[in-house]
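[1] Fold the stuff below for me.
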Amino acid sequence: MSRRHILNHNFFNSAQESPAQFYWAGFLAASASIDQTSYRIELNTGMKDKAHLEQMIKDFSGDIPVREVTVSLRGKPYTQARLAISSITMVMGLANFGIGPNKKLTYIMPSWLTKHELVRDFIRGWVDGKGNFYLTSMENKARREFRTSGTIQFLKQICSIFTDKLVLQSSKFPITEKNGLGKIRYLHQSDVDAIADFLYQDSSISISRKKESALS
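    Numbering: from 1, shown residues only. Have a look, this model is predicted:
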């Protein structure tokens, strides 16, 4: 008989708001599969982010193991970090953030979240799960870009928050659409720097390699 694992099932309770709660909600919104029938949260990441999943379980005051599994990718073996959490209370807590099944095609932030003082932590969690600051070359000059992806309405929410809270050069939302989903691509260097500082400066939790990329 397998033992029951320890877990703070109330981590996403609205009465216990914290930067860590909003960050992990954003990360799960970007990265996890949510099943509201079996009340299960599942994540599969590259091995380079295994330690980050272990940090999440630590923040959840849990002892659920992050497992290593080998799958076939383009006909070759590929090792993933896999985490599965079963919790009715957590799944319902994430639903308060608008996070549920089929979120890849439907996710938008609830109105209350877009106005919350901790929304930057949520967006940083999303970017750690589905985005980055990229170094590119144009006309033999190195430049940085900020990119992330999601539903068009969600990306418009992010751009609106950036426009409201930051002084940006971009007058239009840099969103492109394909097959009903979209991508953000900020190119103005001052905009990229402002977004990086807003999301990662003085942040208490993030993927270290993405924070380094943002603030380099």
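
[2] where do the helices sit along the protein?
    Here the chain has its helices, by DSSP state H, at 19-31, 50-59, 88-95, 103-106, 111-114, 119-130, 152-165, 189-200, 208-215.

[3] right, and those - which one's nearest His9?
    Taking Cβ to Cβ as the criterion, His9 comes closest to helix 88-95 out of these, the separation being 4.0 Å. For glycine as for every other residue, the C-beta is placed from the backbone atoms N, C-alpha and C.

[4] Packing partners of that closest one?
    Based on contacts counted as 3 or more Cβ pairs under 8 Å, 6 or more residues apart in numbering; DSSP states H and E, the elements that helix 88-95 packs against are helix 19-31, strand 33-35, strand 40-46.

[5] would you list the helices of the chain in JSON lines and tack on mean pLDDT, distance to Asn8 and mean neighbour count?
    Supplementary listing: these in JSON lines, determined by pLDDT from 0 to 100; distance: least, Cβ to Cβ, whole Å; neighbours: other Cβ atoms under 10 Å:
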{"stretch": "helix 19-31", "mean pLDDT": "98", "distance to Asn8": "11", "mean neighbour count": "23"}
{"stretch": "helix 50-59", "mean pLDDT": "98", "distance to Asn8": "9", "mean neighbour count": "17"}
{"stretch": "helix 88-95", "mean pLDDT": "97", "distance to Asn8": "9", "mean neighbour count": "18"}
{"stretch": "helix 103-106", "mean pLDDT": "92", "distance to Asn8": "23", "mean neighbour count": "14"}
{"stretch": "helix 111-114", "mean pLDDT": "98", "distance to Asn8": "21", "mean neighbour count": "14"}
{"stretch": "helix 119-130", "mean pLDDT": "98", "distance to Asn8": "17", "mean neighbour count": "24"}
{"stretch": "helix 152-165", "mean pLDDT": "98", "distance to Asn8": "28", "mean neighbour count": "17"}
{"stretch": "helix 189-200", "mean pLDDT": "97", "distance to Asn8": "26", "mean neighbour count": "18"}
{"stretch": "helix 208-215", "mean pLDDT": "94", "distance to Asn8": "24", "mean neighbour count": "16"}
